[in-house]
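>>> model this:
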Amino acid sequence: MNTSAFIRRYRQTKIVATLGPSSSTPGMIATLFTSGVDVFRLNFSHGSHENHGACVKALRDVERETGRPVAILADLQGPKLRLGTFAAGPVALEAGQTFRLDLSKEPGDTTRVGMPHPEIFAVLEPEAELLLDDGKVRLRVTACGPGFAETVVVSGMRLSDRKGVNVPGVVLPLSPLTAKDRADLAFALDQGVDWVALSFVQRPEDVAEARKLIGGRAALLSKLEKPQAIQHLERIVELSDGVMVARGDLGVEMPPEDVPLIQKRIVREARLAGKPVIVATQMLESMISAPAPTRAEASDVATAVFDGADAVMLSAETASGVYPVEAVSIMDRIARRVEQDPLYRTMMDAKHPDLEHTTADAITAAARQVAETVQAAAIATYTTSGSTTLRASRERPAVPILCLTSNVAASRRLVLAYGVHSVLTEDVQNFSDMVQKAVSLAYAHGLAQAGQRLVITAGVPFGMPGSTNVLRIAWVERPGGQVPIETRATHAPTQATVRAAADAAAVAGTD
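Residues are numbered from 1 along each chain as shown. The predicted structure follows:
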C-alpha cells in the first residue's frame, strides 16, 4: 500500500545508515526507511557487487512503493596501508625496543615485519611517527632509506597480521582511487547511486581526479579523514558536492582533543559554501551490541545537531549491529528533541552565512525571514539543478523546505540536505502553475494545513540554474478536488489551492 502522504520527517537533520549483514534484506531496508533513514550507505570496503546490487534494487523498490525519493551513497574503500604477516602469530612488543619495517615478503617476528608500501618509505624521515593498528602501536623512525625503516617502539604491546598503518603529518604520493575503487565506482555508477563518497582525500587534486571519473553521474562527497586535507579545507569543500567528517580516522592521526574543534570547523565551512555535511563514526557505537546508547553517545549526536550538520551517520550500528532499527529510532528521537530546544534555534540563527551580492542569495535569505515573520508552515523551492533548494537549506530555516523538481537525480541527491523534503513533479508551465503545485503538494505531504501560509521561491525563466529571483507568499485552502497525480498518495487529502494568488511577490532579473 502506498503511504507517501504520511512519510514525513519531523526533524530537519537527516539520518544516514550503513547497510550490511544486519540490514540488507528487503524487509529490513523498508523498516529502516519508515523508521527514519533518509540516506542509505553502501560500504564498498565490505560486501560483493552482487550484495550491493541487491541492496540498490531493494531501495528502488522502497522508492516506488512509497513514492518518496531515496538517496543511495556509495562509499569507496580507498587505499588500505597494511603490514605483512608474522610467522608465529601475534608478537609482543616492549617500549624502547627496536623494530624494523621493510619490503621483504618474509613473515615477520619480534624484530621486524614487512610493509609492502614503497610509497611510505619514499616520504619517511628520521623522527617521523608511524601509527599501527589505529594508533594502538606507535613507532618513531630512527633511520630510513629506500625500502626500509629502523624504528623504536614508543608505545604498544601487541601486533598481529595485516594491521593498518598511518603516517601522520605526511602527504603520501598515492591516488585516493585504487584499481578496486575504480571497479567499484564503475559498478556503483551503473547501478545509479546518487552520491559517491571518496576516501583518503589529501589534496584538492584528489577530488578533481574523482570528479572527472564520475562525470556528473552522481554527486561527489569528500571524506575528511586525513589531517592533510584540513590544510586545504576551503578548496576541497569548494570542489566537492558535500563532505563527511570521518572522525575515526581523524582521531588516529591527530590528538583526540583536536577532533571536536575540527568537526565544528568543517561543519561551518560546508555550511558557508552551501554544501551538505555529514558527521560520522562511533556516534552510537555501543548500540552494536546494546539496545540503548550511552549518555555520552546521545550527547555526541546532539552536539552534531547543535553544530548544524546536515546529517548524522550510523555505521556498524546498522550494518552489523544487533539493534539496527532501535539505533535509527533513537538517533531520530535525539535529533528531534534537540531541534525543539529554544537554544538550537538561537544557535542556528546566530550562524547565518554572509550573503553574496546576488539576487539569488537576497531572495533566499528573505524567504527565511519572511517565513519566520508570517509564521509560514514551509518554504517551497522549485529547482532543476538543486541550487535554489541548497541555498534555502544553507539558511537553516525553522520550517521544512519543500523541494519541487522534475529532475529525478536532483530529487534524490537533495534528500541529504538539511530540512529538504523532495517531491518529484512534472515540469510547470508558468509561474501560476508552479504556485498551484507548491501549495497543493505542501498540503498533500503534510507540510502545510488549510489556513497556513507558504513561502515560495524559484528562478524565472524556469530551467536556468542559479537564477533564484522570485519570492511569493500563498495561502493554503482545501475547497475540494483531487490530489495531483505526482503525489502518488492513495490516502492523500483533497487538493489544496491558492487563495488570492499571493500576499506578496518580488520579481527581479536573473543573476
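>>> mind listing the strands for the stretch 1-150 of the chain?
14-19, 39-43, 71-75, 91-92, 98-102, 112-114, 129-132, 137-145, 148-155 (DSSP state E, counting those that start in this stretch).
>>> what's the answer for the stretch 151-300 of the chain, then?
Going by DSSP E, counting those that start in this stretch, the stretch 151-300 of the chain shows strands at 158-159, 165-166, 195-198, 219-224, 242-246, 277-280.
>>> name the helices or strands packed onto the fourth one?
Right, the one you point to is strand 219-224. strand 195-198, helix 204-214, helix 233-239, strand 242-246 (3 or more Cβ pairs under 8 Å, 6 or more residues apart in numbering; DSSP states H and E). Every C-beta, even on glycine, is put in place using the N, C-alpha and C of the backbone.
>>> I'd like the ones you listed as CSV, with mean pLDDT, mean neighbour count and distance to residue 289 appended.
Below are those laid out as CSV (pLDDT from 0 to 100; neighbours: other Cβ atoms under 10 Å; distance: least, Cβ to Cβ, whole Å):
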stretch, mean pLDDT, mean neighbour count, distance to residue 289
strand 195-198, 98, 27, 26
helix 204-214, 97, 18, 35
helix 233-239, 97, 18, 35
strand 242-246, 97, 27, 23
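>>> got TSV for these, with distance to residue 184 too?
As requested, these are arranged in TSV below (distance: least, Cβ to Cβ, whole Å):
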stretch	distance to residue 184
strand 195-198	9
helix 204-214	11
helix 233-239	21
strand 242-246	17
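>>> quick one: which of these is nearest residue 82?
strand 242-246 (18.4 Å; Cβ to Cβ).
>>> quick one, strands of the stretch 301-450 of the chain?
Counting by DSSP E, counting those that start in this stretch, the strands of the stretch 301-450 of the chain are 311-314, 378-382, 401-405, 420-424.
>>> so which of those comes closest to residue 475?
Nearest to residue 475, of those and by Cβ to Cβ, is strand 378-382 at 13.0 Å.
>>> for that closest one, which helices and strands make contact with it?
With contacts defined as 3+ Cβ pairs under 8 Å, 6+ apart, the packing partners of strand 378-382 are helix 359-373, helix 387-394, strand 401-405, helix 431-444, strand 453-459.
>>> can you do 7 Å?
helix 387-394, strand 401-405, helix 431-444, strand 453-459 (3 or more Cβ pairs under 7 Å, 6 or more residues apart in numbering; DSSP states H and E).
>>> low-confidence ranges, the stretch 251-400 of the chain, go.
Along the stretch 251-400 of the chain, the model assigns pLDDT under 70 to no residue.
>>> using CSV, lay out the strands of the stretch 301-450 of the chain together with distance to residue 442 and mean neighbour count.
CSV is the format used below for the strands of the stretch 301-450 of the chain (distance: least, Cβ to Cβ, whole Å; neighbours: other Cβ atoms under 10 Å):
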stretch, distance to residue 442, mean neighbour count
strand 311-314, 23, 27
strand 378-382, 5, 29
strand 401-405, 5, 28
strand 420-424, 9, 25
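>>> make TSV from these and add distance to residue 285 to it.
Converted to TSV, those look like this (distance: least, Cβ to Cβ, whole Å):
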stretch	distance to residue 285
strand 311-314	9
strand 378-382	35
strand 401-405	31
strand 420-424	28
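>>> closest one to residue 18 among these?
Using Cβ to Cβ, the nearest of the strands of the stretch 301-450 of the chain to residue 18 is strand 311-314, at 6.2 Å.
>>> the closest one: partners in the sheet, and parallel or antiparallel?
Sheet partners assigned to strand 311-314 using DSSP bridges are listed as strand 14-19 (parallel), strand 277-280 (parallel).
>>> export these as TSV, with columns for distance to residue 116 and mean neighbour count.
Below are the strands paired with strand 311-314 laid out as TSV (distance: least, Cβ to Cβ, whole Å; neighbours: other Cβ under 10 Å):
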stretch	distance to residue 116	mean neighbour count
strand 14-19	29	26
strand 277-280	29	28
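>>> who wins for proximity to residue 119 among those strands?
Closest among the strands paired with strand 311-314, once you apply Cβ to Cβ, is strand 277-280, at 26.6 Å.
>>> tell me the contacts of residue 116?
Counting by Cβ atoms under 7 Å, 6 or more residues apart in numbering, residue 116 touches 84, 103.
>>> now do the helices in the stretch 251-400 of the chain.
Ranges of helices within the stretch 251-400 of the chain are 259-273, 295-307, 316-319, 324-340, 342-350, 359-373, 387-394, based on DSSP state H, counting those that start in this stretch.
>>> give me the helices and strands touching the fifth one, please.
Judged by 3+ Cβ pairs under 7 Å, 6+ apart, helix 342-350 is in contact with no other helix or strand.
>>> quick one: work out the angle between that helix and helix 295-307.
For helix 342-350 against helix 295-307, the angle by axes from the mean of the first three to the mean of the last three Cα atoms, to 10 degrees is 40 degrees.
>>> show me which residues of helix 342-350 are buried.
Across helix 342-350, burial judged by 16 or more other Cβ atoms under 10 Å covers 344, 347-348.
>>> which residues does that helix contact?
With Cβ under 7 Å, 6+ apart as the test, helix 342-350 has contacts from 306, 308, 338, 396, 398.
>>> and for the shortest one?
The set of residues that contact helix 316-319 without belonging to it, under Cβ under 7 Å, 6+ apart, is 17-20, 22-23, 32, 43, 284-285, 287-288, 324, 327-328.
>>> I'd say residue 313 and residue 277 touch.
No - Residue 313 lies out of contact with residue 277 (Cβ atoms under 7 Å); the separation is 10.8 Å.
>>> contacts for stretch 254-265?
Identification of contacts with stretch 254-265 by Cβ under 7 Å, 6+ apart yields 168, 227, 230, 245, 247, 250-251, 279, 307.
>>> out of those, flag the one nearest to residue 298.
Of all the contacts of stretch 254-265, residue 298 sits closest to residue 279, with 14.1 Å by Cβ to Cβ.
>>> which ones are touching the closest residue to residue 38 other than its chain neighbours?
Closest residue to residue 38 apart from its sequence neighbours, by Cβ to Cβ, 6 or more residues apart in numbering: residue 14 at 4.1 Å. Residues near residue 14 by Cβ under 7 Å, 6+ apart: 38-39, 310-311, 416.
>>> try it again at 10 Å.
By Cβ atoms under 10 Å, 6 or more residues apart in numbering, residue 14 lies in contact with 36-39, 71, 276, 278, 309-313, 335, 415-420.
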